[in-house]
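>>> Quick one: sequence plus predicted model below, questions after.
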Amino acid sequence: MLFPEGLKYQKTDEWVKVEDGIATIGVSDYAQDSLSDVVYVEFAVDPNDDVKAGDNLATIESVKAAAEVLFPVSGTVLEVNQAVSDAPESINKSPYEAGWLVKVKLSNPAELDNLMDAQAYQAYCQER
Amino acid sequence: MFTPHSDADVAVMLKSIGVENVGELFKEIPARFRYPDLNLPPALTEMEAADDLDSIAASNGTTHDMLSFLGAGAYDHYIPAAVDMILRRGEFYTAYTPYQPEISQGTLQAIFEYQSLISNLTGMDVTNASHYDGATAAAEAAILSWHHFKGKRKKVLLSRAVNPQYRQVIRTYLQATEGLRIEGDDQETGLDADLKRLIAQIDNNTALVVVQYPDFFGRIIDYKPLIEAAHAEGALVAVAVNPTALGLLTPPGDLGADIVVGEGQPLGIPLSYGGPYLGLFSVKEPLLRKLSGRLVGETTDVEGKLAYVLTLTAREQHIRREKASSNICSNQGLMTLASAVYLTLLGKQGFRQVANLCYQKAHYAAHVLASLPGFDQVFSETPFFHEFVLRPSQPLDEVLSHLREHDILGGYDLGQDYPELQGCLLMAVTEKMRKTDIDFTREVLMEVENA
């Protein structure tokens, strides 16, 4: 199970990578492993939407369950990764790279402090 | 009476919860309500009770002993005896959904065939199994469109020529959907066959336009211009169909419809005083994932044999809980089976023949009745299928009660839904209506005018 350093993690298993005030968001390796084969991703937002931390980002359906993905941060949606709609299995194969979901321009970078670092998230996952 | 517990069982259970006797469990109910005097007549033997019920039932008027021109959404068609025979086989005789689906291969195969038949008939890519009736299927189309646009498009347009009950049910289902407006069926938009005033209301805030085919008045309208206008604004179009008419007409899928809904009752399901009926629901492939209800797929098992599986139930409440886009759960399995058996028995040619008989007989009736002095056909300039609107010069209630005296149900009083059609009668004619029946009705109506 991978917990890359430098990313921030939310309790509901989303990760955030911030570069120049732009956050890329996806779901963690732990999340894709628990879901098993992802068969469908339905985005709840479009580019230019203003979103708040906690808002619904997408629904991921696997052969086992349907899970809600929530925004870990607030901001404006810049880009939605349509490639995962066409190839949902990329979430299983590459949760931190090809399987990213959206890019957001942060409106409140201080929110990042509420999230866990890789170590804390790994510890959190091991307890579950 | 069957009781699963012996006195000893009951005693043990009472003891474990610390209650003296069963009566004590009901002490919260005031004593005077516990054993009320029901004031029932003396007990009857089974034979006497059956006699009693027979005589009550005999006071009903039915389509077996009356001539019925009532349609308006439910139609009196002939149902081959084999439909009921197959339906009542023990292997099929449950309305419940298969919760352990893969062991119910026969049920899954029947559903798969139903889906294939309806997809063929409507010209659509995929059909679910299924909804309660045409009205609830139409409401689900509106819900689908709301979710499809993530609540960002706030307008659903309904043609005024969509069945008034469908429009009521759509409003009921969506009354708690905040921000959604349902428009287009006001008197000002009207009933014109060219739909220009409805089309003018389509904009980039429109999620869905709902039209009916043939419309509530039986009219056959070319929806291509409306569908093109809707698509130009990015909106979806749902077409509510009478499946019988699709035996003759261009399927709405070919006209570009995104969603087809409809009342499946005409396909081998008796009128039954309004239900159980069957809600048809088909979509084009891009909306596949938005489909509620069940979807059965055909595949092969590990030994390479043909097998059927529940491919998709992802929108369902038992998978997505409170996030489900639909709470449709009962799949009306028995009704889907009835319609699949009906369509299969009739076959392509037979089904077309039924549609053609409906069309021809309705046109004969319209011609004969509208040529009577004192009767006019409304919308006579528009093609129609098996329903038409007649306007008598005499008050409608008098016309209807005169017909009733001759055991004829004259049709549906349009004044109750359309002020501009006060005094007008919606008449349906199916393959069951004989030429002599229509001629007889003409004679009876002639008396009204002469009275």
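Looks like it came in fine.

>>> show me where pLDDT drops low in the chain?
Picked chain A for this. The model of chain A has no residue with pLDDT under 70.

>>> actually it's chain B I care about, not the one you picked
For chain B, the stretches with pLDDT under 70 are B:1-2, B:95-99, B:313-331, B:449-451.

>>> now with 50?
In the predicted model, chain B carries no residue with pLDDT under 50.

>>> The residue nearest the centre of chain A: helix or strand, and which one exactly?
For chain A, the residue nearest the mean C-alpha position is residue A:26 (2.4 Å; C-alpha atoms, centre = their mean). If you go by DSSP states H and E, residue A:26 is part of strand A:22-27.

>>> In chain A, what residue lies closest to chain B?
The nearest approach of chain A to chain B comes at residue A:66, 4.8 Å away (C-beta to the nearest C-beta). All C-beta atoms are positioned from the backbone trio N, CA, C, and that covers glycine.

>>> where do the helices sit along the stretch 301-450 of chain B?
Using DSSP state H, counting those that start in this stretch, the helices found in the stretch 301-450 of chain B span residues B:317-320, B:333-370, B:396-405, B:435-450.

>>> looking at those, which is buried most?
Stretch with highest mean neighbour count among those: helix B:333-370 (a mean of 20; mean count of other C-beta atoms under 10 Å in any protein chain shown).

>>> helices or strands next to that helix in the packing?
For helix B:333-370, the contact count by 3 or more C-beta pairs under 8 Å, 6 or more residues apart in numbering or on different chains; DSSP states H and E identifies helix B:81-87, helix B:105-122, strand B:375-378, strand B:387-392, strand B:425-428, helix B:435-450 as packing neighbours.

>>> Kindly recompute the last result at 7 Å.
Here helix B:333-370 touches helix B:81-87, helix B:105-122, strand B:375-378, strand B:387-392, helix B:435-450, going by 3 or more C-beta pairs under 7 Å, 6 or more residues apart in numbering or on different chains; DSSP states H and E.

>>> contacts for the fourth one?
Yep, that's strand B:387-392 we're talking about. For strand B:387-392, the surrounding residues in contact (C-beta atoms under 7 Å, 6 or more residues apart in numbering or on different chains) are B:71, B:214, B:217-218, B:362, B:366, B:369-370, B:374-379, B:399, B:414, B:421, B:423-428.

>>> Tell me the helices and strands packed up against the helix of greatest length in chain A.
In terms of residue count, the longest helix belonging to chain A (DSSP state H) is helix A:118-127. With contacts taken as 3+ C-beta pairs under 7 Å, 6+ apart, helix A:118-127 sits against no other helix or strand.

>>> Would you check how far apart the residue lying closest to residue B:358 once chain neighbours are set aside and chain A are?
Nearest non-adjacent residue to residue B:358, counting by C-beta to C-beta, 6 or more residues apart in numbering or on different chains: residue B:386, 3.8 Å away. Distance, residue B:386 to chain A, using C-beta to the nearest C-beta, to the nearest Å: 41 Å.

>>> Surely residue B:292 touches residue B:140?
Yes - using C-beta atoms under 7 Å, residue B:292 makes contact with residue B:140 at a distance of 5.9 Å.

>>> quick one on the thing from earlier: ok, now which ones touch the residue nearest to residue B:358?
B:218, B:358-359, B:362, B:428-430.

>>> Kindly indicate which of these lies nearest chain A.
Of these, the one sitting nearest to chain A (C-beta to the nearest C-beta) turns out to be residue B:218, at 39.4 Å.

>>> What is the neighbour count of the closest residue to that closest one other than its chain neighbours?
Excluding the flanking residues, the one nearest residue B:218 by C-beta to C-beta, 6+ apart is residue B:387, at 2.9 Å. Using other C-beta atoms under 10 Å in any protein chain shown, residue B:387 has 28 other residues around it.

>>> beta partners of residue B:387?
Beta bridges link residue B:387 to residue B:428, judged by DSSP bridges.

>>> Figure out how far whatever helix or strand residue A:76 lives in is from the centre of its chain.
Using DSSP H and E, residue A:76 falls within strand A:75-80. Counting by C-alpha atoms, centre = their mean, to the nearest Å, strand A:75-80 is centred 13 Å from the centre of its parent chain.

>>> does it come close to chain B?
No - Strand A:75-80 lies out of reach of chain B by C-beta under 7 Å from any C-beta of the partner chain, never closer than 11.6 Å.

>>> So what touches the helix or strand that that strand is followed by?
Counting by DSSP H and E, the next helix or strand C-terminal to strand A:75-80 is helix A:82-86. Outside helix A:82-86, the residues that touch it by C-beta under 7 Å, 6+ apart are A:41, A:90-91, A:99, A:101.

>>> Just the ones in strands from those residues, please.
Judged by DSSP state E, strands contain the following of the contacts of helix A:82-86: residue A:41.

>>> among the contacts of helix A:82-86, which ones are buried?
Buried members of the contacts of helix A:82-86, scored by 16 or more other C-beta atoms under 10 Å in any protein chain shown, are A:41, A:90-91, A:99, A:101.

>>> how close does residue B:237 get to residue B:222?
13 Å (C-beta to C-beta, to the nearest Å).

>>> can you check residue B:190 too?
18 Å.

>>> give the contact list for the closest residue to residue A:99 other than its chain neighbours.
Nearest-residue entry for residue A:99: residue A:91, 4.0 Å, with adjacent residues in sequence omitted and distances by C-beta to C-beta, 6+ apart. Contact analysis of residue A:91 by C-beta under 7 Å, 6+ apart lists A:27, A:32, A:38, A:60, A:84, A:99.

>>> Can you pick out the most distant pair from the residues you listed?
Largest separation among the contacts of residue A:91 by C-beta to C-beta: A:32 and A:84, giving 11.3 Å.

>>> returning to what we had before: wait, isn't the residue nearest to the centre of chain A in contact with residue A:15?
Yes - assessed by C-beta under 7 Å, residue A:26 is found in contact with residue A:15 at 5.6 Å.

>>> can you list residues touching both of these two?
With C-beta under 7 Å, 6+ apart, residue A:26 and residue A:15 have common neighbours residue A:96.

>>> Tell me which residues touch residue A:43, please.
A:58, A:80.

>>> For the stretch 151-300 of chain B, which residues are neighbours of chain A?
Counting by C-beta under 7 Å from any C-beta, the stretch 151-300 of chain B comes close to chain A at residue B:289.

>>> which stretches of the stretch 151-300 of chain B form strands?
B:155-158, B:181-183, B:206-213, B:236-241, B:259-263, B:279-283, B:295-300 (DSSP state E, counting those that start in this stretch).

>>> and the angle for the fourth one with strand B:259-263?
So that's strand B:236-241. 30 degrees (axes from the mean of the first three to the mean of the last three C-alpha atoms, to 10 degrees).

>>> and strand B:236-241, what other elements does it pack with?
For strand B:236-241, the contact count by 3+ C-beta pairs under 7 Å, 6+ apart identifies helix B:134-148, strand B:206-213, helix B:224-232, strand B:259-263 as packing neighbours.

>>> Take these and lay them out in JSON lines including mean neighbour count and distance to residue B:196.
Formatted as JSON lines, the helices and strands packed on strand B:236-241 follow (neighbours: other C-beta atoms under 10 Å in any protein chain shown; distance: least, C-beta to C-beta, whole Å):
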{"stretch": "helix B:134-148", "mean neighbour count": "25", "distance to residue B:196": "23"}
{"stretch": "strand B:206-213", "mean neighbour count": "26", "distance to residue B:196": "13"}
{"stretch": "helix B:224-232", "mean neighbour count": "17", "distance to residue B:196": "9"}
{"stretch": "strand B:259-263", "mean neighbour count": "30", "distance to residue B:196": "23"}
